[in-house]
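S.K.: need a structure here:
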Amino acid sequence: MSPLEPSLYTVKAVLILDNDGERLYAKYYDGTYPSVKEQKAFEKNIFSKTHRTDSEIALLEGLTVVYKSNIDLFFYVIGSSHENELMLMAVLNCLFDSLSQMLRKNVERRALLENMEGLFLAVDEIAGFLLHKQVCLHVYLCWYDLFYKASFHPQVLQSAKEQIKWSLLR
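M.R.: Now for the predicted structure:
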C-alpha cells in the first residue's frame, strides 16, 4: 500500500513509557514493528529523542509522533508521516483526559499500574471510535463514487433521457 492510500490505521501505535523510558503500555496496530525487539528499540529511540524536549510533535523514522508528559509518564500516539497531526493530537488528548478523569487527576505511574484495566478499556474504545468513523467515511466515499460519478456517465444520462421521453409520449 502506498503511503497516500487511505488506511484504517490512522493510529499506528499508542505508547505509555515511564520516566526511565520503560514500557508500561504499548499497542501497535499494524506491522511497522512486528517483533517485540523492534518495538522496544523504537520505544528507546523515541524516548531518547523526546524526553528532554518541550515540543509536542516529532518526525521519527518516517512516522509522526505526538506526545506529552505528566509527572513520571510519557504518552505517545504514532501515525504515518502523512497523517494529520491534529487528528493524532486529538487522540492523545482524548486518552490523557480519559485517564485523568478515571484516575481522579492523579495521572502517575503507580495509579496507572493499579488501574490498567481502565487503560485497556480507554484505548480500545478510542480505537473503536476511530475505526467506526473511518469505516463510515470509506462507505460514504464509495457511495459517492458509485452514484455521483455514475450519474454523469453518458450511458446513464442517455438512458434517463430515453425514459423521460417515453414517459412523456404515453
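S.K.: Going by C-alpha atoms from here, please, whenever you check contacts or count neighbours.
M.R.: Fine.
S.K.: what about the closest residue to Tyr25 other than its chain neighbours, neighbour count?
M.R.: Sequence neighbours aside, Ile16 is the residue nearest to Tyr25 in space, at 5.0 Å (criterion: CA to CA, 6 or more residues apart in numbering). Number of residues near Ile16 (other CA atoms under 10 Å) recorded here: 22.
S.K.: helix/strand/coil for the residue lying closest to Gly21 once chain neighbours are set aside?
M.R.: Counting by CA to CA, 6+ apart, the nearest residue to Gly21 once its immediate chain neighbours are dropped is Phe47, at 5.7 Å. On the three-state scheme (DSSP: H, G, I helix; E, B strand; the rest coil), Phe47 is labelled helix.
S.K.: Which parts of this structure are helices?
M.R.: 36-50, 85-102, 109-114, 116-143, 150-151, 154-169 (DSSP state H).
S.K.: And those, which one averages the lowest pLDDT?
M.R.: In terms of average pLDDT, helix 150-151 trails the rest of the helices of the chain, at a mean of 53.
S.K.: What are the buried residues along stretch 80-95?
M.R.: Ser80, Ser81, Glu83, Glu85, Leu88, Met89, Val91, Leu92, Asn93, Leu95 (16 or more other CA atoms under 10 Å).
S.K.: do the same with stretch 92-112
M.R.: Neighbour-count burial for stretch 92-112 [16+ other CA under 10 Å]: Leu92, Asn93, Leu95, Phe96, Ser98, Leu99, Met102, Leu103, Val107, Glu108, Arg109, Leu112.
S.K.: I'd like these as a markdown table, with distance to Leu60 appended.
M.R.: Conversion of the buried residues of stretch 92-112 to a markdown table gives the following (distance: CA to CA, whole Å):
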| residue | distance to Leu60 |
| --- | --- |
| Leu92 | 17 |
| Asn93 | 20 |
| Leu95 | 21 |
| Phe96 | 22 |
| Ser98 | 26 |
| Leu99 | 26 |
| Met102 | 31 |
| Leu103 | 31 |
| Val107 | 26 |
| Glu108 | 26 |
| Arg109 | 25 |
| Leu112 | 27 |
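S.K.: quick revisit: how close does the residue nearest to Tyr25 sit to Glu83?
M.R.: Shown here: Ile16 relative to Glu83, a distance of 20 Å by CA to CA, to the nearest Å.
S.K.: Near the residue nearest to Gly21, how many other residues are there?
M.R.: When neighbours are counted by other CA under 10 Å, Phe47 comes out with 19.
S.K.: Arg52 now?
M.R.: For Arg52, using other CA under 10 Å, the count is 8.
S.K.: so what's the backbone phi/psi at it?
M.R.: For Arg52, the backbone dihedrals (degrees, to the nearest 10) come out as phi -120, psi 10.
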